[in-house]
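*Asks:* any chance you can model this:
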Amino acid sequence: MLAVFEQLALEAGRVIMEIFHCKVSVEHKADLSPVTEADRASERLILEGLRAAFPGIPCVAEEETAAGIEAPALGQKFFLVDPLDGTKEFVGGKSDFTVNIALIRDGVPEVGVVYAPCSGRFFSARPGHAEAIALDDKLNIVGRHRISVREGQVPLTIVASRSHRTPETDAYIRQIEAAEIVSVGSSLKFCLVAEGSADVYPRFGRTMEWDTAAGDAVLRAAGGSTTTIDGKPLVYGKRNQPDDADFANPSFVATGRVSGAPRF
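*Replies:* From the prediction side, this is the model:
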């Protein structure tokens, strides 16, 4: 399964980069978030590949959901797909947008890939094992090395959203003494914690499960955790929520091995 994820992410990345180097036409969805042909083309490619390879596993994908295509009954396992996470960065000509594919089993992100086609950064995870993948200039995989979270030491390095900083996030960061702050877009925030380049990723404000699942899978496989404001693990497959849409996430904090991060 992971090999299929990796190949589909690379193929989707090729499609995205072809559009990235052209003039990008931007539309806006009902929630006013931007969408481009790169989002749609990437999602078509990934979903066709997943449904051909694993016809018995349901898929939940951002653009199908935005188009009003309701996800089927999910069962024990399902796929979550964000075909282009960081569309604002993509439209703005920045490099830190990603392709995200994840398998959820019993509410837990178990297998996932995060690929940043502009920079070539590529992360892959299965239970208990997370890797950074090296590519050559033809996008062939030429190397892998295992990654893991680090022991957090003051000053902690906080990774925060480039496009979605909130007052709540800033208030949380101010509680961490002598914190160093790195701003980056997309699910790469999870991966920076997973590889030991950062210690904490706080997110106060709305995200959707497809935004977080693949990066969360990489982080958990690398020894980290993602918890909600009540200290419980972030779970996936949330439907019929009384106060929010299907698959919407609450606020969370993703961490490596950190003892000094404040509670909520």
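
*Asks:* can you give me the strands in the stretch 51-200 of the chain?
*Replies:* Using DSSP state E, counting those that start in this stretch, the strands assigned to the stretch 51-200 of the chain run over residues 59-61, 77-85, 98-105, 108-116, 121-126, 129-135, 141-147, 157-161, 180-184, 200-203.

*Asks:* each with direction, which strands does the fifth one pair with?
*Replies:* Applying DSSP bridges to the sheet, strand 121-126 is found paired with strand 108-116 (antiparallel), strand 129-135 (antiparallel).

*Asks:* residue 19: which of those is closest?
*Replies:* Among the strands paired with strand 121-126, the nearest to residue 19 by CB to CB is strand 108-116 (15.4 Å). C-beta: built from backbone N, CA, C; applies to glycine.

*Asks:* how distant is the closest one from the center of its chain?
*Replies:* Centre-to-centre, strand 108-116 and its host chain are 7 Å apart (CA atoms, centre = their mean, to the nearest Å).

*Asks:* name the residues of that strand that are buried.
*Replies:* For strand 108-116, the neighbour count (16 or more other CB atoms under 10 Å) marks 108, 109, 110, 111, 112, 113, 114, 115, 116 as buried.

*Asks:* go on, stretch 248-262?
*Replies:* Applying a neighbour-count criterion of 16+ other CB under 10 Å, the buried positions in stretch 248-262 are 249, 250, 251, 252, 253, 254, 255, 256, 258, 261.

*Asks:* any idea of the mean pLDDT in that stretch?
*Replies:* Mean per-residue pLDDT for stretch 248-262: 85.

*Asks:* now swap in stretch 17-36 and tell me
*Replies:* The average pLDDT for stretch 17-36 rounds to 73.

*Asks:* and it, end to end?
*Replies:* One end of stretch 17-36 sits 12 Å from the other (CA to CA, to the nearest Å).

*Asks:* same deal with stretch 80-97?
*Replies:* One end of stretch 80-97 to the other measures 17 Å (CA to CA).

*Asks:* tell me the buried residues in it?
*Replies:* Applying a neighbour-count criterion of 16+ other CB under 10 Å, one finds 80-91, 94-97 buried in stretch 80-97.

*Asks:* could you export the strands of the stretch 51-200 of the chain to TSV, including columns for distance to residue 14 and mean pLDDT?
*Replies:* As requested, the strands of the stretch 51-200 of the chain are exported to TSV (distance: least, CB to CB, whole Å; pLDDT from 0 to 100):
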stretch	distance to residue 14	mean pLDDT
strand 59-61	19	97
strand 77-85	13	96
strand 98-105	10	97
strand 108-116	11	98
strand 121-126	13	97
strand 129-135	12	98
strand 141-147	14	97
strand 157-161	27	85
strand 180-184	23	81
strand 200-203	28	92
